[in-house]
Each structure stands twice: as structure tokens, then as C-alpha cells.
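Colleague: just to be clear, the model below is a prediction. Sequence and coordinates:
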2 protein chains.
Amino acid sequence: MTTTSPTTLSIGEVSALTGLSAHTLRFYEQEGLFVAPVRRTAGGRRCYTQEEVEWLRVGVKLRSSGMPLPEIRRYVQLVGEGAGTEAERLEVLRRHEERVRQQVADLQEALRVIHTKVEVYARHLAAGTADRVWSDGPAC
Amino acid sequence: MTTTSPTTLSIGEVSALTGLSAHTLRFYEQEGLFVAPVRRTAGGRRCYTQEEVEWLRVGVKLRSSGMPLPEIRRYVQLVGEGAGTEAERLEVLRRHEERVRQQVADLQEALRVIHTKVEVYARHLAAGTADRVWSDGPAC
DNA sequence: CTAGGAGCTCGAGTCGACTCGAGGTCAAGT
DNA sequence: ACTTGACCTCGAGTCGACTCGAGCTCCTAG
């Protein structure tokens, strides 16, 4: 991957740094997930600033926690509008935070159910090694 | 929705009970998420047993925690094969349990990042009410 | 006996977020 | 000058899990 000046990074470098593919980085730009289009070199190649990479680190967490692209775009757009939009940005983030907390709670509930089942199987297998494992009751 | 005998349930009843749509219940059946095809009335309508509904409660948790249909199908198939497959069933469940734990951990990490950002905005807004909110440093 | 709601099958459509490929350009080492 | 590998754009394809609709049948209450 191309190496760029000390303060600026090629798409390949950013890809390595963020774990996003170059394809995805271009896609995100096109989807408006950067405050402004990424700057280009004379030859037309993207060069990312440190700040953009910083934002990507956050953006990746927003995505991986399930924030839809349109909502991220909205947030970015607010940032782009500058001062005065902070309250709404906060609201967007808070709403998402709440959703993630709910998600975690739901997963933990699922985990409870799954783990119970795991325990049942584990117990029966431990008890029945070299023996017939229970064949009564619901089979699943 | 049609009401059925005391021990058996119509698709509408099961839908109400599990939160899955009738469409989805049929889809699941076709995808092999039941040990055997659901029994039918003389008129060709599905009638679910209590046991099947019991299983759906578990199945729903597996799905909602992200287990892919093919893996659920595999588990169901093992159940269908009867005694002797318990060890593999356990393994399938354990593998999924592990994935869910990882998912939770990832979400919690994302939550940490998001919450930090929320706090930053909250603090700045609290400090700057009726004043200009910070306009220095990275804008996002 | 008839009306209307619940079910049935089958095939097609949707949705979001990538992911890929073709066909070309740019740049750095030899 | 050439080769090679990283980039570029644009449009199309993929994937999983539903979701919907058309056109038909069934059943029960009035």
C-alpha cells in the first residue's frame, strides 16, 4: 500500500488501521459518513487526515453496535453544520446508546436461556457417559 | 384466529404466543427448524403441539442472539436423530454461547466509546448553556 | 346457506451494508 | 522505458432472513 506524508494517510494505510476495506472506505465516503469529501493528492488519490482516522475509530464502533448508516450520516451532517447542533448530536448519540443497552440486555436474556440448555446437556452427558443418555421427556 | 383443541394450537395462536408472524412460522418449518413437519388438521391446517411451542421459545432466543438458520437447522436435525447426538448438540450450543458472549463484550466496548462521547457533549452543553459551546479542536 | 376471517401454497420482492469486478490511472523501483 | 502494485470510478451482484401478495380453500357464526 502506498505510503504518504507524515500527516496524511493513503486509503491502504487507513484500511490497515481501521480494519475497514478500501472498498468500504470509499463506500462510506459516498454515503456521506465524512464531514467533507476526503482530500485528494495531485494524482486523484485519497489522503486521509489524522482527524478523519480518529473519527473512523468512533464510526466503526457506531456501526458495529448497529447504528444504521442514515443515522450516522445525520450525525456527521450535524457536525458539519458546526456550532449550535450539539444538543441534537447528543440526542442522536443518547438514543443509540439506549438501543445498545437494550441489545445487551436482550443478549443476556438469550444467554440465560442458552446457558440453561447447555447446562442440561452437560449434566446429562456427565451423568450418562458410557450409558444411555436420558430419552424421556421432550427431545429438544 | 382459529382456536383449536386444548392440547393443540393454530398458527395464529402460536404467532400470538411467540411473536413470530404466521408467514415466519411457515418459513421456519420449510427451513427445517422443526424436528418434523408440523401436524395438520383434516382440512390441511397446521396444529402445533405444546412441545413445539416450547421449542420455539428457545429457537426465538437462538435467532435473536444471532444464530444463523443453518446452524439451528443442524441442531434440530441432531435432535431428530435421537439419542447419541447429545455431545454434538452441546457443542453447537456451546459454540453459539461463546459467540454471544463475545458479542456482548464487543457491544460493551462500543458502549464505552459511545458513552464517553455522550459525556463530552453533555458536559460541554451543561457548561455552555446560553453561551457558545466549544468550537476548538476536532469538530466531531 | 352464505359471508368473512383464518389458513394454505408458491413465487417474487425487499432491505441494508457491503463486496466484487472490469477497465483504466498513477507512481516508484530497476 | 517498463513493470508492478496500489488506486481510481461505476455499476452490478450477494447474502440472510424475512415479508408480501395473489389466488385459493376451509370453517364457523348468523
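Modeller: Sure, I can see it.
Colleague: who does the lengthiest helix in chain A touch, helix- and strand-wise?
Modeller: As assigned by DSSP state H, the longest helix anywhere in chain A is helix A:86-128. Packing partners of helix A:86-128 (3 or more C-beta pairs under 8 Å, 6 or more residues apart in numbering or on different chains; DSSP states H and E): helix A:69-81, helix B:50-64, helix B:86-128. For glycine as for every other residue, the C-beta is placed from the backbone atoms N, C-alpha and C.
Colleague: closest to DNA strand D out of these?
Modeller: When the helices and strands packed on helix A:86-128 are compared by C-beta to the nearest atom of the strand, helix B:50-64 sits nearest DNA strand D, at 4.8 Å.
Colleague: check whether the closest one contacts DNA strand D.
Modeller: Yes. Helix B:50-64 is in contact with DNA strand D by C-beta under 7 Å from any atom of the strand, via B:Arg63.
Colleague: how about that helix: buried residues?
Modeller: Within helix B:50-64, the residues scored as buried using 16 or more other C-beta atoms under 10 Å in any protein chain shown are B:52, B:55-56, B:58-63.
Colleague: repeat for stretch A:32-52
Modeller: Residues of stretch A:32-52 classed as buried by neighbour count (16+ other C-beta under 10 Å): A:32-35, A:38, A:46-48, A:52.
Colleague: now that stretch - C-alpha only, PDB.
Modeller: C-alpha atoms of stretch A:32-52 as PDB (Å, rounded to 0.1, in the frame of the first residue of the first chain):
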ATOM      1  CA  GLY A  32     -21.700  10.900   3.500                       C
ATOM      2  CA  LEU A  33     -20.000   9.400   6.500                       C
ATOM      3  CA  PHE A  34     -17.300  12.100   6.400                       C
ATOM      4  CA  VAL A  35     -17.900  15.700   7.200                       C
ATOM      5  CA  ALA A  36     -16.500  16.600   3.800                       C
ATOM      6  CA  PRO A  37     -15.200  14.500   0.800                       C
ATOM      7  CA  VAL A  38     -11.700  13.200   1.600                       C
ATOM      8  CA  ARG A  39      -9.000  15.300   0.200                       C
ATOM      9  CA  ARG A  40      -7.000  14.000  -2.800                       C
ATOM     10  CA  THR A  41      -3.400  14.100  -4.000                       C
ATOM     11  CA  ALA A  42      -2.500  15.700  -7.200                       C
ATOM     12  CA  GLY A  43      -3.000  12.300  -8.800                       C
ATOM     13  CA  GLY A  44      -6.500  12.000  -7.500                       C
ATOM     14  CA  ARG A  45      -5.900   9.600  -4.700                       C
ATOM     15  CA  ARG A  46      -7.500   9.900  -1.300                       C
ATOM     16  CA  CYS A  47      -5.300  11.200   1.500                       C
ATOM     17  CA  TYR A  48      -6.900  10.900   4.900                       C
ATOM     18  CA  THR A  49      -6.100  13.200   7.800                       C
ATOM     19  CA  GLN A  50      -5.400  12.000  11.300                       C
ATOM     20  CA  GLU A  51      -8.600  13.500  12.400                       C
ATOM     21  CA  GLU A  52     -10.600  11.500   9.800                       C
END
